[in-house]
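S.K.: A predicted structure for the sequence below; I have some questions about it.
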Amino acid sequence: MESILTELIILTVVIHTVDTLAYSVRLNSVKSGQFALSFSLFNMFVLVSRTANIFQGPLIGSIVGLSIARGLNPAGDLRTVIFAATAGTVLGILLIPTFLRIFEVAVRRLELTGSVPSLVVEALHINNVKRIVKSAVRPKKTMLEKLRYKEIPKRLLILNAVVTGIYTIGILAAYYSALLVPEHARLSAVASSGMINGIASILLTFFIDPKSAIITDQALREKRPYGDVKALVILLIATKLIGTLLGQVFFLPAAQFIASFYK
């Protein structure tokens, strides 16, 4: 079971690192003015994250199934996975300056090559890998100075933290709830994970993404300063980090709430 947990932790770190880097794409799109190209290229990174997410469910199921068979409580292991989400977010934060530098170059190369697969093959060339490693940049405190934080809606940030918390533990809570219901209801409880993440995705789509897009679009049309988008990205990332920590608080109550429908 330890090997399965290790694989799950690595996957979770990758998923949340990529999700965190996704926020920074707004900075590149506004700075370069190449909004469509930036998001087209980033779809490749999102694909990696989503593909990893597909394998997360079966691994969680394996851990819970083995725990049931052995009479163990997997809560500690699942909380470790939630912590991996926090670690992945922190890693993404540390990688943002380097990612933006590489991403800027990649967008320019995509405009020339016109093909994401060709760009990937080019990036994997040993000389380019060495250049990427040498491009590493440390985050600086100056990135946080003189930002217009007051211009960013507080409700947007609170909602982002809560939704991130729900999204972080949706699958974990659903699988853990299988331990809290009669045996005949376990599959039904586990299947509710899709509903929980679906609700979180709807909240993101209807309440968070549109407002973030409006601020970004206004900056592209020079109706807002670039600093507003920078503040938006930093605050959304900060509340995402808080959201993963909230996941630790939400985990057991969410599992008990799910189980209450199947007892």
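M.R.: Structure received.

S.K.: can you report how many residues neighbour residue 159?
M.R.: Neighbour count of residue 159, defined by other C-beta atoms under 10 Å: 18. (Glycine included, C-beta is placed from N, CA and C.)

S.K.: give me every residue that touches it.
M.R.: Each residue near residue 159 by C-beta atoms under 8 Å, 6 or more residues apart in numbering is listed here: 203, 207, 208.

S.K.: check what pLDDT it gets.
M.R.: The predicted structure scores residue 159 at 91 on the pLDDT scale.

S.K.: which helix or strand contains it?
M.R.: Residue 159 is part of helix 154-176 when elements are defined by DSSP states H and E.

S.K.: just the helices in this protein please.
M.R.: Across the chain, reading from the start of the chain, the helices by DSSP state H fall at 2-32, 35-70, 75-113, 116-123, 126-134, 154-176, 186-191, 193-203, 209-220, 226-260.

S.K.: pick the most deeply packed of those.
M.R.: Each of the helices of the chain was given a mean neighbour count from mean count of other C-beta atoms under 10 Å, and the largest, a mean of 22, is that of helix 154-176.

S.K.: circling back to that earlier point, between the helices of the chain, which gets nearest to residue 148?
M.R.: Nearest to residue 148 among the helices of the chain is helix 226-260; the distance by C-beta to C-beta comes to 5.3 Å.

S.K.: other SSEs contacting the closest one?
M.R.: helix 2-32, helix 75-113, helix 154-176, helix 209-220 (3 or more C-beta pairs under 8 Å, 6 or more residues apart in numbering; DSSP states H and E).

S.K.: I'd like those written out as TSV, with distance to residue 227 added.
M.R.: Formatted as TSV, the entries for the helices and strands packed on helix 226-260 read as follows, by distance: least, C-beta to C-beta, whole Å:
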stretch	distance to residue 227
helix 2-32	10
helix 75-113	16
helix 154-176	17
helix 209-220	9
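
S.K.: looking at those helices, which is closest to residue 254?
M.R.: helix 154-176 (3.8 Å).

S.K.: would you put the C-alpha positions of that closest one in PDB?
M.R.: Only the C-alpha atoms of helix 154-176 are listed here, as PDB (Å, rounded to 0.1, in the frame of the first residue of the first chain):
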ATOM      1  CA  LYS A 154     -12.900  40.000  -1.600                       C
ATOM      2  CA  ARG A 155     -15.900  37.800  -2.300                       C
ATOM      3  CA  LEU A 156     -14.000  36.400  -5.300                       C
ATOM      4  CA  LEU A 157     -11.000  35.400  -3.100                       C
ATOM      5  CA  ILE A 158     -13.200  33.900  -0.300                       C
ATOM      6  CA  LEU A 159     -15.100  31.800  -2.800                       C
ATOM      7  CA  ASN A 160     -11.900  30.700  -4.500                       C
ATOM      8  CA  ALA A 161     -10.500  29.400  -1.200                       C
ATOM      9  CA  VAL A 162     -13.700  27.600  -0.300                       C
ATOM     10  CA  VAL A 163     -14.200  26.000  -3.800                       C
ATOM     11  CA  THR A 164     -10.500  25.000  -3.900                       C
ATOM     12  CA  GLY A 165     -11.000  23.300  -0.500                       C
ATOM     13  CA  ILE A 166     -14.000  21.400  -1.800                       C
ATOM     14  CA  TYR A 167     -12.300  20.400  -5.000                       C
ATOM     15  CA  THR A 168      -9.200  19.300  -3.100                       C
ATOM     16  CA  ILE A 169     -11.100  16.800  -1.000                       C
ATOM     17  CA  GLY A 170     -14.000  15.900  -3.200                       C
ATOM     18  CA  ILE A 171     -12.700  12.500  -4.400                       C
ATOM     19  CA  LEU A 172     -11.000  11.700  -1.100                       C
ATOM     20  CA  ALA A 173     -14.100  12.400   1.000                       C
ATOM     21  CA  ALA A 174     -16.300  10.400  -1.200                       C
ATOM     22  CA  TYR A 175     -14.000   7.300  -1.100                       C
ATOM     23  CA  TYR A 176     -13.500   7.700   2.700                       C
END
